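**Student:** Got a predicted model here, sequence first, then my questions.
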2 protein chains.
Amino acid sequence: MSGNALYDYLERLTSLMRAWSREHPLLAELQPVQVSALHYLSRCNGYSNTPMAVTEYLGLTKGTVSQSLKVLEHKGLIRKQPDPQDKRSVHLELTGEGTALLEALTPPAFLQQAAEALGLRGEMLEALLRELLVTIQRQQDVPSFGLCGSCRFHERREEGPFCGLTRQPLASGAERLICREHESA
Amino acid sequence: MSGNALYDYLERLTSLMRAWSREHPLLAELQPVQVSALHYLSRCNGYSNTPMAVTEYLGLTKGTVSQSLKVLEHKGLIRKQPDPQDKRSVHLELTGEGTALLEALTPPAFLQQAAEALGLRGEMLEALLRELLVTIQRQQDVPSFGLCGSCRFHERREEGPFCGLTRQPLASGAERLICREHESA
DNA sequence: TTGAATATGTATCGATTCGATACTTAATCA
DNA sequence: TGATTAAGTATCGAATCGATACATATTCAA
């Protein structure tokens, strides 16, 4: 019975997010899934900004995502850069316009206000939600899409952060970005 | 910065729910929004099972919802009953098939398992999510869709529960159902 | 090193969602 | 009684989405 109320609340929150997204003037011309893709692209690292990574993150098929990305590109919110190593692959980056749009509306004001009103309890909620996600990922063998700095391949060297999987040094600040290759420590 | 991580986690949870829904054999032929509507209809009271109530709950337009409900009816998952008082209005009830489908898949197993693994912390998460929703509703003047028993019109009389708004006695068990007229005490 | 298997990404099709608009019918209220 | 409001449906066009098929590039084994 306990998980049932959790599901109820998440359903309700989803509905509220949808209503908010539909009413917001900046988002009226964007579909919810496009906003999700933009949001992911703004928070992931250079290994994780490909169409396939977006596909895995959103839980859709690559064909569907390809279409949505085409729309975003056509609207001037993202830009495609061919991968110098793998000529099949493409990297997606936000344009200035895309970044500005996203900064103007995330996080949703109604969420931020409510979280602030909860104070310490809001921070606790955040921590518990995070714990729930980690638990799900461990139980379900689902790609974790965690932050680079919390990965078991992450090394803190004297010269700076380093990825033990790709054997390459990382830019400073990379620790806070989402990585599709992330594996819990 | 605090509300931002909250948004990240909710986005990720939404993606996980979508992926789960797409992979589940019983849901393969149902759209996520149809599942949401079914779920709502299974948890609301007799004042709240109309197309307009579903529209408000989901944050969509009545035209859109009308179409989705037509699909659900055509699939034999819900049934329409004309309102005896208001001849414009229609009440929606789940068929046996609809009830069976919903019971087979809610709450999602992966959510329930993770919540159980968290134990007491899972219950705390539930309570905090509930608090977040109440806070949002108070701040944003959004319809609360709360449980009948927590409404300021709810009366506990000797003969049984009673609604002070419609001035009618309620069936026992009604306290646990969602009401579109709900107002916090 | 050649060839099969695999991976990334795109194109197309049909069913569905979704908002906008217009419409019908019924209830409400002045 | 008549105007306004409300519930619900129908239709249209744009977009999502999954399925399928396809082109290109990489990998890996023989």
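**Tutor:** Perfect, I can see it now.
**Student:** Tell me who's in contact with the nearest residue to residue A:183 once chain neighbours are set aside.
**Tutor:** Leaving aside its sequence neighbours, residue A:183 sits nearest to residue A:152 (CB to CB, 6 or more residues apart in numbering or on different chains; 5.2 Å). For every residue, glycine as well, the C-beta is placed using N, CA and C. Residues in contact with residue A:152 (CB atoms under 8 Å, 6 or more residues apart in numbering or on different chains) are A:183-185.
**Student:** can the one helix or strand in chain A whose mean pLDDT sits lowest be found next to DNA strand C?
**Tutor:** Least confident helix or strand, chain A: helix A:2-23 with a mean of 82, by mean pLDDT, DSSP states H and E. Yes - counting by CB under 7 Å from any atom of the strand, DNA strand C has neighbours in helix A:2-23: residue A:22.
**Student:** What's the separation between the most centrally placed residue in chain A and DNA strand C?
**Tutor:** When chain A is reduced to its mean C-alpha position, the nearest residue by CA atoms, centre = their mean turns out to be residue A:40, at 3.0 Å. According to CB to the nearest atom of the strand, to the nearest Å, residue A:40 stands 14 Å off from DNA strand C.
**Student:** Provide the backbone phi and psi angles at the closest residue to residue A:177 other than its chain neighbours.
**Tutor:** Excluding the flanking residues, the one nearest residue A:177 by CB to CB, 6+ apart is residue A:45, at 4.0 Å. Residue A:45 adopts backbone torsions of phi -90, psi -180, taken as degrees, to the nearest 10.
**Student:** which residues touch residue A:45?
**Tutor:** Residues counted as contacts of residue A:45 (CB under 8 Å, 6+ apart) are A:148, A:170, A:174, A:177-179.
**Student:** let's go with 10 Å and repeat that
**Tutor:** For residue A:45, the contacting residues are A:53, A:147-148, A:163, A:170-171, A:173-182, by CB atoms under 10 Å, 6 or more residues apart in numbering or on different chains.
**Student:** Rebuild the contacts of residue A:152 as CSV, extending it with distance to residue A:80 and neighbour count.
**Tutor:** Below are these laid out as CSV (distance: CB to CB, whole Å; neighbours: other CB atoms under 10 Å in any protein chain shown):
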residue, distance to residue A:80, neighbour count
A:183, 28, 15
A:184, 31, 11
A:185, 33, 8
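**Student:** that older thread, which of the contacts of residue A:45 has the most neighbours?
**Tutor:** Neighbour tally across those (other CB atoms under 10 Å in any protein chain shown): the maximum, 28 neighbours, falls on residue A:179.
**Student:** Please name the residues that touch the closest residue in space to it that isn't next to it in sequence.
**Tutor:** Once flanking residues are discounted, residue A:179 sits nearest to residue A:148: 4.7 Å by CB to CB, 6+ apart. With contact set as CB under 10 Å, 6+ apart, residue A:148 has these partners: A:44-45, A:47-48, A:154, A:161, A:163, A:170, A:173-179, A:181-182.
**Student:** that older thread, which one of the contacts of residue A:45 sits closest to DNA strand C?
**Tutor:** Nearest to DNA strand C among those: residue A:53, at 7.0 Å, using CB to the nearest atom of the strand.
**Student:** helices and strands around whichever strand or helix holds the closest one, which ones?
**Tutor:** Using DSSP states H and E, residue A:53 falls within helix A:51-58. Packing partners of helix A:51-58 (3 or more CB pairs under 10 Å, 6 or more residues apart in numbering or on different chains; DSSP states H and E): helix A:32-43, helix A:62-74, strand A:90-94, helix B:2-23.
**Student:** Hmm, residue A:105 is touching residue A:28, no?
**Tutor:** No - with contact defined as CB atoms under 10 Å, residue A:105 does not count as touching residue A:28 (11.4 Å).
**Student:** got the CA positions of the helix holding residue A:53 in CSV?
**Tutor:** The C-alpha trace of helix A:51-58 is given here as CSV (Å, rounded to 0.1, in the frame of the first residue of the first chain):
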residue,chain,number,x,y,z
PRO,A,51,21.2,11.4,-30.2
MET,A,52,21.6,7.9,-28.9
ALA,A,53,22.4,9.2,-25.4
VAL,A,54,19.3,11.4,-25.5
THR,A,55,17.3,8.4,-26.7
GLU,A,56,18.4,6.2,-23.7
TYR,A,57,17.8,9.0,-21.2
LEU,A,58,14.3,9.7,-22.4
